[in-house]
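In: okay, sequence plus prediction incoming.
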Amino acid sequence: MINPCQTRALNLLWLSEGRSWIRHQVPFLGSIIAGRPEIQDGRVDGCIDIDPTTLRLPKNARTFALKVRGDSMRNAAILEGDIVIMEFREAKHGDIVAALIDGETTLKRFVIQGGVPYLRASNPKYPDLIPARELVIQGVQIALLRLAER
């Protein structure tokens, strides 16, 4: 099987004179809607090279990257075109998460109120999302990358 991280990569390593960086490849899994949830296909679109020490990643961190589409997280400083680095781990109240809610994927803030988990946008024009059947956290945001050429 071909490793998608070897076929296409976006190199975001910082260069520093006299210092070498450890390379960590993060699978780039396409985009995620920061708006109304939608069905995703889950394909790997390549990889992003990052420095794990900059992000303070443990050696065994399981990470992936997604490109943001939409404006529901703008008041959390997450804009359309940004790349969020996510980690597979359990979410805590207040974390920004990639979540599967009733079969559709979205990027929102994870909220627990009165023991009931739901998703909240960081833009008042979007309603809270309360799951009718399921809420599965797919990853917790650990970093945000904004490319300069935007």
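Out: Okay, I see it.
In: strands along the chain, start to end?
Out: Under the criterion DSSP state E, the chain contains strands at 9-11, 24-33, 47-50, 63-69, 83-87, 96-101, 104-113, 116-120, 135-145.
In: just the ones you listed: most buried one?
Out: strand 96-101 (a mean of 23; mean count of other Cβ atoms under 10 Å). (C-beta placed from N, C-alpha, C; glycine too.)
In: which secondary structure elements does it sit against?
Out: strand 83-87, strand 104-113, strand 116-120, strand 135-145 (3 or more Cβ pairs under 8 Å, 6 or more residues apart in numbering; DSSP states H and E).
In: one step back: and of the strands of the chain, who's closest to residue 129?
Out: The minimum distance between residue 129 and the strands of the chain falls on strand 116-120, with 4.1 Å, by Cβ to Cβ.
In: counting by contacts, list what the closest one packs against.
Out: Right, strand 116-120 is packed against strand 96-101, strand 104-113, strand 135-145 by 3+ Cβ pairs under 8 Å, 6+ apart.
In: JSON lines for those strands, including distance to residue 28 and mean pLDDT?
Out: Shown next, in JSON lines, are these (distance: least, Cβ to Cβ, whole Å; pLDDT from 0 to 100):
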{"stretch": "strand 96-101", "distance to residue 28": "13", "mean pLDDT": "95"}
{"stretch": "strand 104-113", "distance to residue 28": "15", "mean pLDDT": "95"}
{"stretch": "strand 135-145", "distance to residue 28": "11", "mean pLDDT": "93"}
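In: let's have the ones you listed in a markdown table, adding distance to residue 25.
Out: Converted to a markdown table, the helices and strands packed on strand 116-120 look like this (distance: least, Cβ to Cβ, whole Å):
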| stretch | distance to residue 25 |
| --- | --- |
| strand 96-101 | 19 |
| strand 104-113 | 22 |
| strand 135-145 | 14 |
